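> Need coordinates for the below:
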Amino acid sequence: MVDTDTDWDRDRDGVPDSIDAEVDEPAAHEAMDADADGVPDALDAEVGPERERLMTSTLTNVANMKHESLKGIAQNLRG
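Purely as a prediction, here's the structure:
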């Protein structure tokens, strides 16, 4: 049980420090993002170039479908 009167939350994440100490948080070097792409370096190594190409292709296809859908809606609104 956590005693909220004596337990501090120094990093103000809503979790008392006594619980923070029990949780395995990633080390600072694991959360680094050297290429600033929004993906931590630890995940970059796991994804690999083939999977990254597949994700890029999929997102491009979704964006193109959305664009075509919006063009159709605009055409319908014009009458």
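> Mean confidence (pLDDT) on the helix or strand harbouring Gly48, please.
Secondary-structure assignment from DSSP states H and E places Gly48 in helix 41-78. Across helix 41-78, the average pLDDT comes to 86.
> May I have stretch 10-22 exported as PDB, CA atoms only?
Only the C-alpha atoms of stretch 10-22 are listed here, as PDB (Å, rounded to 0.1, in the frame of the first residue of the first chain):
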ATOM      1  CA  ARG A  10       9.300  14.000  -8.000                       C
ATOM      2  CA  ASP A  11       8.800  13.500 -11.700                       C
ATOM      3  CA  ARG A  12       5.100  14.400 -11.500                       C
ATOM      4  CA  ASP A  13       4.000  11.500 -13.600                       C
ATOM      5  CA  GLY A  14       1.200  10.600 -11.300                       C
ATOM      6  CA  VAL A  15       3.000   7.500 -10.000                       C
ATOM      7  CA  PRO A  16       4.500   7.700  -6.500                       C
ATOM      8  CA  ASP A  17       8.300   7.300  -6.400                       C
ATOM      9  CA  SER A  18       8.100   4.100  -4.400                       C
ATOM     10  CA  ILE A  19       6.300   2.400  -7.300                       C
ATOM     11  CA  ASP A  20       8.500   4.100  -9.900                       C
ATOM     12  CA  ALA A  21      11.500   2.400  -8.300                       C
ATOM     13  CA  GLU A  22       9.800  -1.000  -8.700                       C
END
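> Rounded mean pLDDT for that stretch, please.
70.
> in that stretch, what's buried?
Of the residues in stretch 10-22, Pro16 count as buried by neighbour count, 16 or more other Cβ atoms under 10 Å. (Glycine included, C-beta is placed from N, CA and C.)
> Tell me which residues of stretch 41-61 come out buried.
Buried, per 16+ other Cβ under 10 Å, within stretch 41-61: nothing.
> okay, that stretch in CSV with CA atoms only?
In CSV, the C-alpha atoms belonging to stretch 41-61 read as follows (Å, rounded to 0.1, in the frame of the first residue of the first chain):
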residue,chain,number,x,y,z
ASP,A,41,16.9,3.7,-31.9
ALA,A,42,16.2,0.4,-30.2
LEU,A,43,13.1,0.0,-32.4
ASP,A,44,14.9,1.2,-35.5
ALA,A,45,17.3,-1.8,-35.3
GLU,A,46,14.3,-4.2,-34.9
VAL,A,47,12.3,-3.0,-37.8
GLY,A,48,14.9,-3.3,-40.6
PRO,A,49,14.8,-1.7,-44.0
GLU,A,50,12.4,-4.2,-45.7
ARG,A,51,9.7,-3.7,-43.1
GLU,A,52,10.3,0.1,-43.2
ARG,A,53,9.7,0.0,-47.0
LEU,A,54,6.5,-2.0,-46.5
MET,A,55,5.2,0.5,-43.8
THR,A,56,6.1,3.5,-46.0
SER,A,57,4.4,1.9,-49.0
THR,A,58,1.3,1.1,-47.0
LEU,A,59,1.0,4.6,-45.5
THR,A,60,1.5,6.1,-49.0
ASN,A,61,-1.4,3.9,-50.3
